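**Student:** Have a look at this prediction, sequence included:
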Amino acid sequence: MIIPAHFTVAKNILLAEIPVFLALYLFVFAQKRSIIWWLMCVTFVGFLPNAAYTLTDIIHFIGAIQSEAHSWVYLTFFLFPIYLLFIFINFQFYVVSIMLAQHYIQQEANNRLAKWFIPIIHFACAVGVYLGRIQRLESRAIMEKPITVLRDVAADFTHFPSVLLILFFFILFYGLYLLFAILNRYLWHRYCSPYWQAIEAVKLKKSASP
């Protein structure tokens, strides 16, 4: 099987950025939960797998290795670092989006629900990435053809190889998320906490004003 060595970087980055911008609005800046807020939450969940999906773009680097058009110097010192940076940034969008959502649930609901949210959202994203990478479905298919997507998911859960691949994605996303979360919490408390406190103070001031 020949793996393509190129893909649309700009499009993939844009799709990976959508969830984090939605998370910032929904879980940081939004003042109340309305119908539009809930619809945006559905959109957030629908687009979130795109940020994790970029991990699978490593297959294009494999395709570049298989190609005879590139020297080992180009692959090692140029293409490989670029792929690492691309994957790191986009998966960071995934992690930050989930952390913001979890923090919001902890504040608005309870810690138990927030803890269950983490594995559930990773599993949902694992299914989404499977559908995107293997079934070649796009995020908008969830809104345009929900019955078709549900039928495909149900069919895949009856095939053991498909279930194994989904579980592999789930373990991969969950494991990397835990590592990124530890790093992010350290950087957050070290460098970003004062800015977050300032945002929270502004929100409290607005909510207290008549």
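**Tutor:** Done, it's in. What you see is a predicted model, and the numbers here were worked out from it, not measured in a lab. Numbering: from 1, shown residues only.
**Student:** what ranges of the protein fall below the confidence cut-off?
**Tutor:** 1-10, 138-143, 188-189, 191-210 (pLDDT under 70).
**Student:** Against Phe44, how distant is the nearest residue to Ala30 once chain neighbours are set aside?
**Tutor:** Nearest-residue entry for Ala30: Trp37, 5.9 Å, with adjacent residues in sequence omitted and distances by Cβ to Cβ, 6 or more residues apart in numbering. C-beta: built from backbone N, CA, C; applies to glycine. To Phe44, Trp37 is 10 Å away according to Cβ to Cβ, to the nearest Å.
**Student:** Between the two, which contacts overlap?
**Tutor:** Leu26 (Cβ atoms under 8 Å, 6 or more residues apart in numbering).
**Student:** Comparing the two, which residue is more hemmed in?
**Tutor:** Phe44 (21 against 13; other Cβ atoms under 10 Å).
**Student:** Show me which residues of stretch 88-108 are buried.
**Tutor:** 90-102, 104-105 (16 or more other Cβ atoms under 10 Å).
**Student:** who touches it?
**Tutor:** Here stretch 88-108 has contacts from 12-13, 16-17, 19-20, 22-24, 26-28, 44, 48, 51-52, 54-55, 113-114, 117-118, 121-122, 125, 173, 176-177, 180-181, 184, using Cβ under 8 Å, 6+ apart.
**Student:** Just the buried subset of those, please.
**Tutor:** Counted by 16+ other Cβ under 10 Å, the contacts of stretch 88-108 give 12-13, 16-17, 19-20, 22-23, 26-27, 44, 48, 51-52, 54-55, 114, 117-118, 121-122, 125, 173, 176-177, 180-181, 184 as buried.
**Student:** In helices, which of the residues you listed fall?
**Tutor:** Using DSSP state H, 12-13, 16-17, 19-20, 22-23, 44, 48, 51-52, 114, 117-118, 121-122, 125, 173, 176-177, 180-181, 184 are the members of the buried ones among the contacts of stretch 88-108 that sit in helices.
**Student:** Extract the C-alpha trace of stretch 119-135 and format it as PDB.
**Tutor:** Extracted in PDB, the C-alpha atoms of stretch 119-135 (Å, rounded to 0.1, in the frame of the first residue of the first chain):
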ATOM      1  CA  PRO A 119     -12.800   8.800  29.400                       C
ATOM      2  CA  ILE A 120     -16.100   9.300  27.700                       C
ATOM      3  CA  ILE A 121     -14.900  12.200  25.500                       C
ATOM      4  CA  HIS A 122     -11.700  10.300  24.700                       C
ATOM      5  CA  PHE A 123     -13.700   7.300  23.600                       C
ATOM      6  CA  ALA A 124     -16.000   9.500  21.500                       C
ATOM      7  CA  CYS A 125     -13.000  11.100  19.800                       C
ATOM      8  CA  ALA A 126     -11.400   7.600  19.200                       C
ATOM      9  CA  VAL A 127     -14.600   6.700  17.400                       C
ATOM     10  CA  GLY A 128     -14.600  10.000  15.500                       C
ATOM     11  CA  VAL A 129     -10.900   9.600  14.400                       C
ATOM     12  CA  TYR A 130     -11.600   6.000  13.400                       C
ATOM     13  CA  LEU A 131     -14.500   7.200  11.200                       C
ATOM     14  CA  GLY A 132     -12.400  10.000   9.800                       C
ATOM     15  CA  ARG A 133      -9.200   8.100   9.100                       C
ATOM     16  CA  ILE A 134     -10.700   4.700   8.100                       C
ATOM     17  CA  GLN A 135     -14.200   5.500   6.900                       C
END
